[in-house]
Structures are given as structure tokens and as C-alpha cells.
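Participant: Got a sequence here, can you model it:
(2 chains)
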Protein chains: 2
Amino acid sequence: MQIPILKLKNILLTSIQSDMTDDDALRYQADVVSFLEKSDAKGFIIDITAMDIVDSFMARVINETARMARLMGAKVVLCGMQPMVALTLVEMGRELIGVDTALNLDKGFDKLLEMISEGVD
Amino acid sequence: MQIPILKLKNILLTSIQSDMTDDDALRYQADVVSFLEKSDAKGFIIDITAMDIVDSFMARVINETARMARLMGAKVVLCGMQPMVALTLVEMGRELIGVDTALNLDKGFDKLLEMISEGVD
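Facilitator: Next up is the predicted model:
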């Protein structure tokens, strides 16, 4: 099944679930970039509140998707990271370098709106 | 795969895709009500922008989910209906009676915030 991409104001919202397969993840990546092209979005949020485990493949996909969105001119915020996921990522040496983060979707949304209005990179 | 439910401010956001199976739809319904119970959400948005076809089962699921959310005290707005979906629903005689609608997610979100602040039913 396709992963929903919601557009609210000029921000794209996506949410990643734990039960996403590797194929879903690659399709998600392709969907995000094509949606970014079509829409006039200036920001992109990856919400991982529902993700309670992470493997190195998923970590790579999230990292790459964030980098792709940046290349297409969008500001990116990753939000909702569970404590165990943060622990695992650091232990795996995959720290999602260069991605802005926020504790939850509310904070991430506000942060992104601020980044967009300030033009922060 | 599970359908993501995003919580932004006090509003739950969900998006329905065309490629949702009947099982996914029933699981979605159960997820929404349990999420409504856990979260302190006052509003619930069903975004169907990505849904370009509809059958009578999906129409029933959307209708029922909206009614369940209302019973749990949430205001509900359905948004992003494609012209062909509206046409099909009316022709099928399933007009989603009693559900507030909006043209797109932006308008739906604003409408819901207004309904919540005014306490409109």
C-alpha cells in the first residue's frame, strides 16, 4: 500500500510505520520526490512517532529521503523519534547527520514554519 | 500496512489511498477509534485527495468511521474529494450524510479549528 503524503499549507507531511517493508520504503522515496516536484511545498516532515524499531536499511532510507528533499529545495524536519530508536541509531553509528529533528509533530511543524519564514538552511 | 494517523495540535489527520484493501479499511477504523481514545484529540480529518475511485464498501467505511469519531466527541471533516468520487457517491446514493466536507486539506484544517473553537456540532 502507498504511504500517504499530506499537504498542509506549504508543508508535506508523511508518517513512517514500523511495518513498512523495504519495497514500501523505496516506493515512498520515489513518491516523496515526485510529490515535491508537483506541489509547491517548501517544507517536508517525516513523522516517525509510530516507528518503534529501526534497522540500518530504514535508517538509510530516512536519511536519503531527507537529503533528496533538501536537494529539491525543501526544508526537512524529522520528528517523533522514540527513545529506543534514538538509542539504536546512535549504537549503529547512523545518526541522521544534518537532519533537523523535533520531539513531536506539533513541535516539528512549528519549527519548520519558522525555518521557512526565516529562510534558515 | 498500517495507515498512519498523525496528530497535529488537537487534530488527528488521516489519509485514505485508492489501493487500500478491505482488511486495511477495517483495521484503519479500529486504529482511529483506539487513537481517539488515547489521544486528547478534538477533531478528526479524513483526507481522500489520493482516492480516485470509490466503491460502496469504502463509502460505508468512511461514513462509519466519521460516525464513530463523532460518537467519541470529535468533530469530523472529510476533505479532498475528487470530482469523479463525488459523482460516483451521489450516483450510488451514498452521500456521506452528516459529514462536514472541505475542498482540500488546508480548508478542512481551518474549518475544523473553527468548529472546535466555536463548539459547533
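Participant: So residue A:85 lies in a strand, does it not?
Facilitator: No: assessed with DSSP: H, G, I helix; E, B strand; the rest coil, residue A:85 is helix; it does not lie in a strand.
Participant: Let me know how buried it is, in neighbour terms.
Facilitator: By the criterion of other C-beta atoms under 10 Å in any protein chain shown, residue A:85 has 18 neighbours. Bear in mind the C-beta positions are built from the backbone N, C-alpha and C, glycine included.
Participant: Same question for residue A:100.
Facilitator: Neighbourhood size, residue A:100 [other C-beta under 10 Å]: 16.
Participant: For it, name its beta-bridge partners.
Facilitator: Counting by DSSP bridges, residue A:100 forms beta bridges with residue A:77.
Participant: what's near enough to touch it?
Facilitator: Residues near residue A:100 by C-beta atoms under 8 Å, 6 or more residues apart in numbering or on different chains: A:75-78, A:111, A:115.
Participant: The residues you listed: which two are farthest apart?
Facilitator: Across the contacts of residue A:100, no pair lies farther apart than A:78 and A:115, at 12.9 Å, counting by C-beta to C-beta.
Participant: Look at the two and report which has more neighbours.
Facilitator: residue A:78 (21 against 17).
Participant: how about the residue nearest to the spatial centre of chain A, secondary structure?
Facilitator: Taking C-alpha atoms, centre = their mean, the centroid of chain A lies closest to residue A:46, which sits 2.5 Å from it. On the three-state scheme (three-state DSSP), residue A:46 is labelled strand.
Participant: do residue A:6 as well
Facilitator: Assigned by three-state DSSP, the conformation of residue A:6 is strand.
Participant: which residues of chain A fall in strands?
Facilitator: Under the criterion DSSP state E, strands of chain A are mapped to A:5-8, A:11-15, A:43-47, A:75-79, A:100-102.
Participant: how many other residues sit next to residue A:79?
Facilitator: When neighbours are counted by other C-beta under 10 Å, residue A:79 registers 22.
Participant: I'd say it and residue A:103 touch.
Facilitator: Yes: checked against C-beta atoms under 8 Å, the pair residue A:79 and residue A:103 is within contact range at 6.9 Å.
Participant: thought residue A:116 was touching residue A:42?
Facilitator: Yes: between residue A:116 and residue A:42 there is a contact at 5.0 Å, judged by C-beta under 8 Å.
Participant: Which residues of chain A lie near chain B?
Facilitator: Proximity of chain A to chain B (C-beta under 8 Å from any C-beta of the partner chain) is limited to residues A:1-9, A:13-17, A:19-21, A:24, A:47, A:49-50, A:105-106, A:109.
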